[in-house]
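Enquirer: Sequence and predicted structure are below.
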Amino acid sequence: MGVPFLGMVPINMKLRANSDLGRPTANFTEDPQLAKELNAVVRKLAGQISLRSRAGAAGPSLTVR
């Protein structure tokens, strides 16, 4: 697919519960290990966005008819 691997987050019940409750930001504040894992993915995603931006790569597009 040509998509870079950004990382993985092990199955975590707090992640599921916080997301289901509409509190996704709690995943970054309530469990230090979960926050560390999520931040690693976020940093890799930000890095990939930066690389694509510098390369002048076009982002995704949506056509509505």
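Expert: Received the coordinates, thanks.

Enquirer: tell me, what residue is most central in this protein?
Expert: When the chain is reduced to its mean C-alpha position, the nearest residue by C-alpha atoms, centre = their mean turns out to be residue 42, at 4.8 Å.

Enquirer: Low-confidence ranges, the chain, go.
Expert: Along the chain, segments meeting pLDDT under 70 span 1, 59.

Enquirer: the strands in it, which residues?
Expert: Per DSSP state E, the chain has no strands. Nothing in it meets that criterion.

Enquirer: how about the helices of the protein, start to end?
Expert: Chain-ordered helices for the chain, with DSSP state H as the definition, fall at 13-20, 32-54.

Enquirer: Just want the phi and psi numbers for residue 8.
Expert: Summarising the backbone geometry of residue 8 under the convention degrees, to the nearest 10, its torsions are phi -140, psi 150.

Enquirer: go on, residue 57?
Expert: Recorded main-chain torsions at residue 57 are phi -70, psi 140, according to degrees, to the nearest 10.

Enquirer: again with residue 7
Expert: phi 140, psi -180.

Enquirer: who's in contact with it?
Expert: Applying C-beta atoms under 8 Å, 6 or more residues apart in numbering to residue 7 gives the contacts 37, 40-41, 44. Backbone N, C-alpha and C define where each C-beta goes, glycine included.

Enquirer: Weed out the non-buried ones from those.
Expert: residue 37 (16 or more other C-beta atoms under 10 Å).

Enquirer: circling back to that earlier point, of the helices of the chain, which is nearest residue 3?
Expert: helix 32-54 (9.3 Å; C-beta to C-beta).

Enquirer: Counting by contacts, list what the closest one packs against.
Expert: Contact partners of helix 32-54 among helices and strands, from 3 or more C-beta pairs under 8 Å, 6 or more residues apart in numbering; DSSP states H and E: helix 13-20.

Enquirer: Contacts for the helix it packs on next, please.
Expert: 9, 24, 26-27, 30-31, 34, 38.
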